[in-house]
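Asker: no FASTA, just this:
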């Protein structure tokens, strides 16, 4: 640990300020609490909001997992894990079950979360109404008065244009029967996992300076129409590596002749299944030593 | 006799030394069309905005008979009640349709917005209502999924009217609804508005500087100058037999009102 930094990079006053925002966010599920977001040593869009929330809740005994699009071995995930390993000297992991804090970008782990875990989302644009109503004063009023008809206008436009609700990520949800919330750009496949989760879920938007939360066991409903109900993404294939049929799959192009494979986006889930003997159709063909076939080496990455 | 729908009582608005609107009082019955006419800067838009709760008066109040038949001071409503009133029982037709429409949302979405805002969650039903309204305002339903940016000025104005009327309001405010349209389009639009107003029994407060529009649509006229009401009365009486000198000037300055 480099002593030049305070524990987890931020100074204690800043962490208190963020914790106050988090407490308020938990007290009013789905409500966007403004906070004095700090400059972090990374560009906006790389998870400055999530990092500040993580820094504020991190304790010396926490075990941190960071995922980016479900993977533990991408640049963003590796850098943030390394950042906290260096500034807070905490244990890091890629195993969902071992982690106490999971910071995520764009996915919720496939493995159900437990009551002693906190999921921290990195949020680029926290305001679900933003692209429909550019005025912040107006969107705040709309939230205050629960005027959410506009959100359905967006879904209406989707159906009118595509024949179905084409919003596939950042799919708007209603939290605890009150606030409409942007669940961050997770695929709508993950939306049902937000509802009733045993883990505390915190959302941090650094550039937009907002924190919001879904407390454990809170009902979260994806918005829809009576005659066009919410549907999860469906996949025609099982995972090519671990044969899972219940996970969110990424399409990986394997050559320039149309070759492709569909693999779990949650790398930890996929590895775990393979370790338990599940075999996908293309497991043998997976390029040896590639990210697909090999467990990421955290030590080397850091 | 039923009580009036809308009562303006001593509405006053000052901008510094300028009095834009000076103690204007009138009442409007259900199904009645009132035209507010006057030259530019006479305070008619200020008055309209105060009536429609878009501008707070310095003095005076606006009372409205709600759907539960209780007449209430609009300044005493909570913001939630006021906004609900605006998007269910009222309509506001802007001169520039771009202000009253969501230009990046399809025509069907524009019409459906109010329905969804009051809890409409059946896509098929909303779409059906949108199609009905498009045909009522003489827009080809094949253009339902097109954005208003692809519409002509007259079509935009008709779409704006449809969007406002979909919740069957009782009172519609119109600010120069035919302004900026060419004469033949104006004529069709006026005809359409007159038909809808009669069919739905709408009360309308219409601001216009065009006396021909007032003649065609309104039952009563309120002539304004420098923030004062100069003359008021039945439309035909005011236009055919103006009493106030200013009204006489206004009427005579029009070629064939």
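Answerer: Yes, it's here. Keep in mind it's a predicted model, so treat the numbers as computed, not measured.

Asker: in the chain, where is pLDDT below threshold?
Answerer: Since no chain was named, I'll use chain A. Within chain A, the set of residues satisfying pLDDT under 70 comprises A:1-3, A:286-302.

Asker: meant chain B actually
Answerer: Across chain B, the ranges flagged by pLDDT under 70 are B:1, B:255-257.

Asker: most proximal residue of it with respect to chain A?
Answerer: With distances taken as C-beta to the nearest C-beta, chain B approaches chain A most closely at residue B:117, which sits 2.9 Å away. The way it works is simple: take the backbone N, C-alpha and C, and place the C-beta from them, glycine included.

Asker: what's the spacing between that residue and residue B:72?
Answerer: When C-beta to C-beta, to the nearest Å is applied, the distance between residue B:117 and residue B:72 equals 21 Å.

Asker: who has more neighbours, these two?
Answerer: Looking at residue B:117 and residue B:72 with other C-beta atoms under 10 Å in any protein chain shown, you find the greater number of neighbours at residue B:117, namely 20 against 15.

Asker: right, and the helix or strand after the helix or strand residue B:27 falls within?
Answerer: Assigning secondary structure by DSSP states H and E places residue B:27 in strand B:18-28. Tracing the chain past strand B:18-28, the next element assigned as helix or strand by DSSP H and E is strand B:33-37.

Asker: pull the distance from the next helix or strand after that next one to the chain's centre.
Answerer: Using DSSP H and E, the helix or strand that follows strand B:33-37 in sequence is helix B:44-51. Put simply, helix B:44-51 sits 11 Å off its chain's centre (C-alpha atoms, centre = their mean, to the nearest Å).

Asker: what's in contact with helix B:44-51?
Answerer: B:6, B:8, B:11, B:13, B:20-21, B:24, B:36-38, B:55-57, B:62, B:173, B:175, B:205, B:207, B:209, B:224, B:227 (C-beta atoms under 8 Å, 6 or more residues apart in numbering or on different chains).

Asker: same question for stretch A:78-85.
Answerer: If you take C-beta under 8 Å, 6+ apart as the criterion, stretch A:78-85 is touched by A:8-9, A:41-42, A:46-47, A:50-51, A:54-55, A:58, A:64-66, A:72, A:90, A:92, A:103, A:296, A:298, A:301-302.

Asker: how about the secondary structure of the closest residue to residue A:181 other than its chain neighbours?
Answerer: What sits nearest to residue A:181 in space, not counting adjacent residues and going by C-beta to C-beta, 6 or more residues apart in numbering or on different chains, is residue A:30, at 4.3 Å. Judged by DSSP: H, G, I helix; E, B strand; the rest coil, the three-state class of residue A:30 is coil.

Asker: next: residue A:65.
Answerer: Classification of residue A:65 into helix, strand or coil gives strand, according to three-state DSSP.

Asker: quick check: beta-bridge partners of it?
Answerer: residue A:102 (DSSP bridges).

Asker: correct me, but residue B:134 touches residue B:162?
Answerer: Yes: using C-beta atoms under 8 Å, residue B:134 is in contact with residue B:162, at 6.4 Å.

Asker: what's the overlap in contacts for those two?
Answerer: Taking C-beta under 8 Å, 6+ apart as the contact rule, the neighbours common to residue B:134 and residue B:162 are residue B:111.

Asker: now do the contacts for residue 219.
Answerer: Since you didn't name a chain, this refers to chain A. For residue A:219, the contacting residues are A:175-177, A:195-196, taking C-beta under 8 Å, 6+ apart as the criterion.

Asker: wait, I meant chain B there
Answerer: Shown in contact with residue B:219 (C-beta under 8 Å, 6+ apart): B:32-34, B:234-235.

Asker: can you narrow those residues to ones near chain A?
Answerer: With the criterion set as C-beta under 8 Å from any C-beta of the partner chain, no member of the contacts of residue B:219 is near chain A.

Asker: for residue A:163, state which of these is nearest.
Answerer: residue B:33 (42.3 Å; C-beta to C-beta).

Asker: that closest one bridge partners, please.
Answerer: Beta bridges link residue B:33 to residue B:204, judged by DSSP bridges.

Asker: you'd agree it is up against residue B:204?
Answerer: Yes: taking contacts as C-beta under 8 Å, residue B:33 lies within contact range of residue B:204: 4.4 Å.

Asker: can you tell me which helix or strand residue A:137 belongs to?
Answerer: Secondary structure assigned from DSSP H and E places residue A:137 in helix A:136-144.

Asker: please see if that helix touches chain B.
Answerer: Yes: contact of helix A:136-144 with chain B (C-beta under 8 Å from any C-beta) involves residue A:141.

Asker: quick one, strands of the stretch 201-302 of chain A?
Answerer: With DSSP state E, counting those that start in this stretch applied, the stretch 201-302 of chain A shows strands at A:210-214, A:220-222, A:249-253, A:260-264, listed in chain order.

Asker: how distant is the third one from the center of its chain?
Answerer: So that's strand A:249-253. 19 Å.

Asker: list the neighbouring strands of it plus their orientation.
Answerer: For strand A:249-253, the paired strands and their directions (DSSP bridges) read strand A:260-264 (antiparallel).

Asker: so which bits of the partner strand are buried?
Answerer: Of the residues in strand A:260-264, those with enough neighbours to count as buried (16 or more other C-beta atoms under 10 Å in any protein chain shown) are A:261-264.

Asker: you'd agree residue A:146 is in a strand?
Answerer: No: the secondary structure assignment for residue A:146 gives coil rather than a strand, going by three-state DSSP.

Asker: what sits against residue A:68?
Answerer: When the contact criterion is C-beta under 8 Å, 6+ apart, the partners of residue A:68 are A:74-77, A:104-106.

Asker: please report phi then psi for it.
Answerer: For residue A:68, the backbone dihedrals are phi -130, psi 120 (criterion: degrees, to the nearest 10).

Asker: measure it to residue A:75 for me?
Answerer: Distance, residue A:68 to residue A:75, using C-beta to C-beta: 8 Å.

Asker: any buried residues in stretch B:97-110, and which?
Answerer: Residues of stretch B:97-110 classed as buried under the neighbour-count rule (16+ other C-beta under 10 Å) are B:97, B:100-102, B:105-110.

Asker: that one vs chain A: in contact?
Answerer: Yes: applying C-beta under 8 Å from any C-beta, one finds that stretch B:97-110 is in contact with chain A at B:102, B:105-106, B:108-109.

Asker: neighbouring contacts of that stretch?
Answerer: Residues external to stretch B:97-110 that are found in contact with it (C-beta under 8 Å, 6+ apart): A:132, A:153, A:156-157, A:160-161, B:92-94, B:113, B:126-127, B:130-131, B:134, B:139, B:143-149, B:151, B:153, B:156-157, B:159-160, B:163-164.

Asker: that older thread, which residues do residue B:33 and residue B:204 both contact?
Answerer: With C-beta under 8 Å, 6+ apart applied, the overlap between the contact sets of residue B:33 and residue B:204 consists of B:197, B:217-218.

Asker: among those residues, name the ones in helices.
Answerer: Within the shared contacts of residue B:33 and residue B:204, residues falling in helices by DSSP state H are B:197, B:217.
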